[in-house]
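> Quick one, what's the 3D model for this:
(one chain, ligands or ions: 1)
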Amino acid sequence: MRDEHRELRELLGAFALGHLDPPERDRVRAHLDGCAACRAELAELVPLGRRLSAVDPDALDETPTPPPGLGEAVLARIAEEERRVVPLRRRTTVRRRVALGAAVTGVAAAGAVVGWVARPVPDPVPLEPVSVQAVASDVEARADLVPHTWGVEVRLTGTGFDAGEVYRVAVTADDGREVPAGEFLGVGPQPMRCNLNSSVLRADAVAFEVVDADGDVVARSEF
Ligand SMILES: [Zn+2]
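Okay, here's the model as predicted:
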């Protein structure tokens, strides 16, 4: 029972996420019937599993961002430790203890902090949401514009672009020019997310169009 408890307890996370094959699932269920400790642990895991399954992996940033101010807080804390007034004869000991403490408890944290303080932090991207009018019946889409110094970027999200079909996107400038912004392959009913770049500056851009392989407009946005 005890070994079984230990072994099955390690499976509880996968059980909560529904990742076990049927025989394993049955074993965990049978054990849960007789083990209050595992039932309690599972009760704590279930809400977490629910939240995890609600996460859209596509929506996650590539770089995890530490909370703002963490670096300064850690550095300030270290400076405070060093400043602390101590009797002269104890100073060396304390300093050594602080250093030792930092070495023992802080190496991993300090390494991570130095790492993320040193990494180039991209400016937050200013997104301008624009509405997209679907012309083709199956298409549903929305978009954000990003004003770059080299032109406007269209971040297009949508469903219903025919799987395997090539779609072209063009940005219309206020003088009537239609400037290509790139193309993408439709993925059918699955959500599609695509960044399209044009050389039209945001101030000069008035619209964009998504055109299918036959040259028919399937979606357009005027802004
Ligand atoms: Zn158990």
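> going forward, measure contacts between C-alpha atoms and count neighbours the same way
Fine.
> for the ion, what are the nearby residues on the chain?
H5, C35, C38 (Cα under 5 Å from the ion).
> mind running it again at 6 Å?
By Cα under 6 Å from the ion, the residues of the chain that approach the ion are H5, R9, C35, A37, C38.
> Surely the second one and C38 touch.
Yes. Here R9 lies in contact with C38, judged by Cα atoms under 8 Å, at a distance of 6.4 Å.
> and the residues of the chain next to the ion as JSON lines, adding secondary structure, pLDDT and neighbour count?
Output for the residues of the chain next to the ion, formatted as JSON lines (DSSP: H, G, I helix; E, B strand; the rest coil; pLDDT from 0 to 100; neighbours: other Cα atoms under 10 Å):
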{"residue": "H5", "secondary structure": "helix", "pLDDT": "89", "neighbour count": "15"}
{"residue": "R9", "secondary structure": "helix", "pLDDT": "89", "neighbour count": "20"}
{"residue": "C35", "secondary structure": "coil", "pLDDT": "92", "neighbour count": "13"}
{"residue": "A37", "secondary structure": "helix", "pLDDT": "91", "neighbour count": "12"}
{"residue": "C38", "secondary structure": "helix", "pLDDT": "92", "neighbour count": "20"}
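> Out of those, give me the two with the largest separation.
Taking Cα to Cα, the two most distant members of the residues of the chain next to the ion are R9 and C35; they sit 10.1 Å apart.
> where along this protein do the strands fall?
128-131, 133-134, 140-148, 151-159, 166-173, 178-185, 192-197, 205-211, 217-222 (DSSP state E).
> Make a markdown table out of those strands and add mean pLDDT.
Shown next, in a markdown table, are these (pLDDT from 0 to 100):
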| stretch | mean pLDDT |
| --- | --- |
| strand 128-131 | 94 |
| strand 133-134 | 94 |
| strand 140-148 | 95 |
| strand 151-159 | 96 |
| strand 166-173 | 97 |
| strand 178-185 | 96 |
| strand 192-197 | 94 |
| strand 205-211 | 97 |
| strand 217-222 | 96 |
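> ok, the closest residue to A207 other than its chain neighbours - how many residues close by?
The shortest distance from A207 to any non-neighbouring residue, by Cα to Cα, 6 or more residues apart in numbering, is to E222 (4.2 Å). Neighbour count for E222, taken as other Cα atoms under 10 Å: 14.
> Report how many residues lie close to E7.
Neighbourhood size, E7 [other Cα under 10 Å]: 12.
> mind checking pLDDT for it?
For E7, the pLDDT comes out at 88.
> ok, now how distant is the residue nearest to A207 from the ion?
Look at E222 and the ion: by Cα to the ion, to the nearest Å, they are 60 Å apart.
> Next up, the contacts around S131.
Residues counted as contacts of S131 (Cα atoms under 8 Å, 6 or more residues apart in numbering) are R142, A143, S221, E222.
> what pairs with it across the strands?
R142 (DSSP bridges).
> Dig out what F184 forms beta bridges with.
Going by DSSP bridges, F184 is paired in beta bridges with Y167.
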